[in-house]
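K.L.:
after the sequence you'll find the predicted model.
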Amino acid sequence: MARYIGPKTRISRKFREPIYGPDKNFDKRSYPPGQHGQNKKRAKVSEYAVQLMEKQKVKYMYGILERQFAKIFDRASRMDGITGENLLKLVESRLDNVVYRLGLAPTRSAARQLVGHRHITVNGELVNIPSYILRAGDVVAVREKSKSVSTISEAVASRTNKYAWLEWDGSKMAGKFLNAPAREEITENIKEQLIVELYSK
């Protein structure tokens, strides 16, 4: 499948939670989309369906396609520690996600666009790969020529993001990736064990 660019509220309604952040449209209609969404009785869902939905939810949340996600899971499974937690650490360490977490963009898709349009540097070098995995100590910054871009300056002016694993320097419009976040620092409603069980079949 190609990357999803359709209505985000519809996807949130599919998973019955606002996976892209606060959404007033979701608050008005939190039932599943479709003609019979509001009145449809909940059918008994299989264990496999529950696991698949959780994987799809995380893919939509972080904007990752199937092949990419499978590669990340494979890497997580070969790392020391708990596979599910390793998986979340890797997706949180992606450059597009860190740009979003630093408050340089209002959404992950907007952050991916900033990276793709060559507005972001890592350790002083231009990087336009959203899936780039950061390492502890890497410095993510807005390219000098891009500091006047209105979407970036507006996002920075209204930024409220504060994370213990990121260090922000407003004067330089740069942030340091201190380390991958611990599981308790990832606030999204994700049941990563279901994803591990799905790939273990």
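P.N.:
Everything's here; your move.

K.L.:
how about Ile186: what's its closest non-neighbour residue?
P.N.:
Of all residues not flanking Ile186 in the chain, Leu88 sits nearest, at 5.5 Å (CB to CB, 6 or more residues apart in numbering). Every residue, glycine included, has its C-beta placed from N, CA and C.

K.L.:
what's the neighbour count on that neighbour?
P.N.:
24 (other CB atoms under 10 Å).

K.L.:
that one contacts Ile195, correct?
P.N.:
No: counting by CB atoms under 8 Å, Leu88 does not reach Ile195; the two are 9.4 Å apart.

K.L.:
one step back: and what about the residue nearest to Ile186, helix, strand or coil?
P.N.:
Using DSSP: H, G, I helix; E, B strand; the rest coil, the structure places Leu88 in helix.

K.L.:
relative to Trp168, how far out is it?
P.N.:
Distance check for Leu88 against Trp168: by CB to CB, to the nearest Å, it reads 22 Å.

K.L.:
number of residues surrounding Gly81?
P.N.:
Neighbours of Gly81 (other CB under 10 Å): 9.

K.L.:
one more: Arg108?
P.N.:
Neighbour number of Arg108 under other CB under 10 Å is 21.

K.L.:
any idea how far the residue nearest to the spatial centre of the chain is from Ser46?
P.N.:
For the chain, Tyr62 is the residue whose C-alpha lies nearest the centre (CA atoms, centre = their mean; 3.0 Å). Here Tyr62 is placed at a distance of 25 Å from Ser46 (CB to CB).

K.L.:
shaky segments in this protein?
P.N.:
1-2, 4-5, 12, 15-16, 18-43 (pLDDT under 70).

K.L.:
how does it divide into domains?
P.N.:
9-90+188-199, 95-179 (automatic domain parsing).

K.L.:
can you give me the end-to-end distance of the first one?
P.N.:
The stretch domain 9-90+188-199 measures 28 Å between its terminal residues, going by CA to CA, to the nearest Å.

K.L.:
counting neighbours, what do you get for Thr160?
P.N.:
Applying other CB under 10 Å, I find that Thr160 has 5 neighbouring residues.

K.L.:
same check on Val50?
P.N.:
13.

K.L.:
pretty sure it is touching Gln193, no?
P.N.:
No: with contact defined as CB under 8 Å, Val50 does not reach Gln193; the gap is 11.2 Å.

K.L.:
circling back: out of the domains of the chain, which comes closest to Arg3?
P.N.:
Smallest distance to Arg3 across the domains of the chain (CB to CB): 6.4 Å, for domain 9-90+188-199.
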